[in-house]
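> make a model of this:
(2 chains)
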Amino acid sequence: MNFDFRRLWDIHTGTPHPFNERAPWIDNGTARPTGERYHGKAFADREWEKVFAKSWLMACPVSDVREAGDFAKFDIGRESFIIVRGDDGDVHAHYNVCPHRGSQLITSDTGTISGFTCPFHSWKFDLEGHNTQVTDSETFRPEVLCHNHDLSSVRCEVAAGLVFISMDPDIQPLKEWLAPILPQLELYDIDQMYAIQHRKSDWGSNWKGGVDAFAEHYHLHCVHPQTVGIMDDRTQIDLYPGGLARAFTPFAQLSRRLDDQDTITDGIKMMMTDAGIDPATFEGTARDTRGAIQQAKRARSDKYGLGYEKFSDTQLTDSTIFNCFPNLQIGCHPEAVFVHRFIPHPSDPNQFTYDTMILYRHVDAPGYAPPAWMGLSEEIDTTGETRPDVVHTGLGEPPGLGEVLDQDSDLLPIVQAGARSRGFRGPLWSEQEARLRHFHNELDRRMGEGSR
Amino acid sequence: MNYDARSWAVHKDSTHPFDQPAPYIDDGTERPDPKRYTSPQVFHDEWENVFARTWLLAGPSSDVREAGDWMKFDIGVESFIVVRNEDGGLAAHYNVCPHRGSQLVTADLGSQNSFTCPFHSWQFDLDGKNIKVTDPETFRPEVLCHGTDLSSVKVAEVAGLVFICMADDVQPIEDFLGPVLPMLQTYEIDKMHVVQHRRSDWAANWKGGIDAFYETYHLHAIHPQTMTMTNDRTHIDLFPNGMSRQFVPHGEPNSHYEDQTGINPDIAAMLADAGLDPETFQGTAAESRSAMAMAKRDRAAKMGLDYDKFSDAQLTDATIFGVFPNVQIGCHAEAVFLHRFKPHASDPEQFTYETTILYRHVDLPGYGAPMWMGLGKGVDLTGETRPDIVHTGLGEPPGMGLVLDQDSDLLPIVQAGARSRGFKGPLWCEQEARLRHFHVELDRRLAE
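All right, here's what the predicted structure looks like:
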């Protein structure tokens, strides 16, 4: 067999395009890490200090903070941050903490405000975090107020339409870290997109169990058998320095695990209809559908000036997935991007919050709409005029995120339960799971670093 | 004071060898530190030094009779698959896929030829050997060299019960159970099958469960309704390795019950159950127990059942065995009750109480389960259908009958007091000798 596990499969069809080119191979070895990383309390505590407190963390899309006073709350682990567009036009990030007695300042997920008033004693702060009112300031001894009583702020930078924060004041610039994938992300004009769906769901698993499950296609046939008729699990994986990675999920192509590679399934017919192809008159087999959809989308772009010249054919049909260390995955399509975040629990290594957001860009062209497979209900406002509420489901509740994600949420606690066992000697990763090993190697590298 | 708990006349005039007292073991009079009921450190040490190094009762043989039959055994943070293999032997594996750690089975029981992981469809045979790595060509060979079979643990089958042990260097199960083993074998549990199986999560340390079930001292206070027909005067035997035995006399009033002679309605019902007519019964309540034993013996003789192996006390009473660390087995000629006290995965102040009733079906007219066992009309006693396990969560009424519901109400109250700085540690009487024996063995192992 001449299968090359370093390269996996050649998944691209159509015209060669530089976007599809493979990144130089990175050898992450073949070691088997211990299972402790998934449940150890000490490991989780160290991970918080060495990784989360020292990384760039995606806080919100820039569309949530477009105008002065727009804010978004970003909760992660034991922390909460306020991301806000200042009157100075910049985006700022503050700990959601009043310097007086520690109360959180805001409790809603998003909103617009002219300044912050603490709910406890009505101290006030401007959007940039400066104190503008100490209630009954004459009752404080001056020496007390000499301690800084502005909000504590953190690093906050914007790239590719996404706002990132970091608790580490000395961290390298965001764009420097993101450099290997930044030009690729920028193709999607995420800065012109806005949230049309936003959900959070608490799962009984370590956050890395979430990262792991979302970073490989190997489980599709087993956990999501209904997907074999609409997507392939053959993929290309690219690894970049800094724990960054990329992969493709071929859509409108049957899974290699199906014997019948010719019959066009109902799921693929739906994707064809979306792209403006009539399945009833289509002459090819399921081997041709992915390429046909790519050509149809390109033709529509040419006709209406959608600017798809910048995309490879693969990008037009497939999910192009980017992994950003530590806890972010972005699934990119010309029409929309899916932001997945795996938020560690404040104290329990056996829990995390899965946060998923669909960002969409409205284009006023005939036949242009979110693809049907995205599963957006009729009621959803795709114009961006109303920012949808964040819907949060608790531990054990069905997340109601659609069949695929509900299957993941059912399985992950079962994986976690096994990974906690003394009988688990640590994961055995295939090269289909190369993004997992890349992520864990970066994690181990950071965990091993001395305190700065 | 010359009171000696061993003087209680539970086995009055008995010459049956089963009733012989065990040599006395002196477990002392110390007052242990109550942090054993609450401390995460003690909880952790117990798991590593006791649970991970001791034989643990995984379930009855009847649940794994045929090749491919398996049962899931969950305890603490762990889950095991115990399975009958093609050779008729048993294997026990961690319920963990070596690939990414997913559990392989989620049901309590099943029967199949192999195990398939729900995550990436790796497959394993009954002995745990890997028979399929999905897409092996996508693995670097060095990765698969780490080992792709299931991790297995020791398993032993004795007296119709299956035990597993996470440590390889454990003593043989026969040595561990010691004198308790031949006594358990009297009951032929291997010929029994599960007729009821329940689990219930309780807000107490698992040893709070052990403690409550290991003594009859609390009957008059917590279960006053039992005073008419269950005596708290007991006979206690202590054995090596933390094992113990005790008898709970049925069919006679509690020592604290005022009327020790009149045939009260509960004793009348027990007499009738044993085949005696309470209307014409001439004896007093103090005599009903031995009359019932004789009646059961006569009835067994007519049916051709071998009850000679049982003493009279065994025929009427609950004969209870404490099996270190977390099992109590209540034995009767017709059925045995397995009680397990399973520590929580992480919280010292929670445990799961699990109770399994195993019944020996005898297809003869007039033979059945004693009425007091409370096996309802809907229960299939023939063994043809294995009932599902009913699990109730924390705070839910366990619905296990009045006595157990009373225990589940009280235990969180005991736990709440036991974690107070005002509690200096338990003061055990000799009616609670099995508790002290259990805790002394626990301490011995914790110190190892």
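> who's in contact with stretch A:273-282?
Stretch A:273-282 has contacts (CB atoms under 8 Å, 6 or more residues apart in numbering or on different chains) with A:264, A:268-269, A:272, A:289, A:292-293, A:296-297, A:300, A:367, A:369, A:371-373. No exception for glycine: its C-beta is placed from N, CA and C like everyone else's.
> farthest-apart pair in those, please.
Checked with CB to CB, the contacts of stretch A:273-282 reach their widest spread between A:Ile264 and A:Ala369, with 21.8 Å between them.
> if you drop the residues flanking it in sequence, what lies closest to A:Glu442?
Spatially, and ignoring its direct neighbours in sequence, A:Glu442 is nearest to A:Gly243 (3.3 Å; CB to CB, 6 or more residues apart in numbering or on different chains).
> now do the contacts for the one you found.
With contact set as CB under 8 Å, 6+ apart, A:Gly243 has these partners: A:323-326, A:438-439, A:442-443.
> what do you get if the cut-off is 7 Å, keeping everything else the same?
Contact partners of A:Gly243, counting by CB atoms under 7 Å, 6 or more residues apart in numbering or on different chains, are A:325-326, A:438-439, A:442.
> now A:Ala42, what's its secondary structure?
Secondary structure state of A:Ala42, per DSSP: H, G, I helix; E, B strand; the rest coil, is helix.
> one step back: with the contacts of A:Gly243 in mind, which one is nearest to A:Arg37?
Out of the contacts of A:Gly243, the member with the shortest distance to A:Arg37 (by CB to CB) is A:Phe439, at 11.2 Å.
> what's the pLDDT at the closest one?
What the model reports for A:Phe439 is a pLDDT of 98.
> if we can go back for a sec, just the contacts of A:Gly243: which are in helices?
A:438-439, A:442 (DSSP state H).
> ChimeraX command to pick out the buried ones of these?
Buried members of those, defined by 16 or more other CB atoms under 10 Å in any protein chain shown, are picked up in ChimeraX with:
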select /A:438,439,442
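> near chain A, which residues of chain B?
B:77-79, B:94-103, B:106, B:118-121, B:135, B:137-140, B:142-144, B:146, B:148, B:151, B:166 (CB under 7 Å from any CB of the partner chain).
> so for stretch B:290-309, mean pLDDT?
Per-residue scores along stretch B:290-309 average to 93.
> gap between that stretch and the chain center?
26 Å (CA atoms, centre = their mean, to the nearest Å).
> just stretch A:333-347 next, same as before
With CA atoms, centre = their mean, you get 3 Å for stretch A:333-347.
> for it, give the mean pLDDT please.
Stretch A:333-347 comes out at a mean pLDDT of 97.
> end to end, how far does that stretch reach?
This stretch, stretch A:333-347, spans 35 Å end to end (CA to CA, to the nearest Å).
> and that stretch, anywhere near chain B?
No - Stretch A:333-347 stays clear of chain B (CB under 7 Å from any CB), getting no nearer than 11.6 Å.
> so which bits of that stretch are buried?
Buried, per 16+ other CB under 10 Å, within stretch A:333-347: A:333-345.
> now for these: which two are most distant?
A:Pro334 and A:His345 (35.2 Å).
> please pick the buried ones from the residues of chain B next to chain A.
Neighbour counting with 16+ other CB under 10 Å marks B:77-79, B:94-103, B:106, B:118-121, B:135, B:138-140, B:143-144, B:148, B:151, B:166 as buried within the residues of chain B next to chain A.
> among those, which are in strands?
The strands, defined by DSSP state E, take in B:78-79, B:94 from these.
> what's the burial count for the residue of chain A found nearest chain B?
Per CB to the nearest CB, A:Gly423 is where chain A lies closest to chain B, at 2.5 Å. The number of residues packed near A:Gly423 is 21, by other CB atoms under 10 Å in any protein chain shown.
> what secondary structure does it sit in?
Assignment for A:Gly423 (three-state DSSP): coil.
> go on, A:Lys175?
Once three-state DSSP is applied, A:Lys175 turns out helix.
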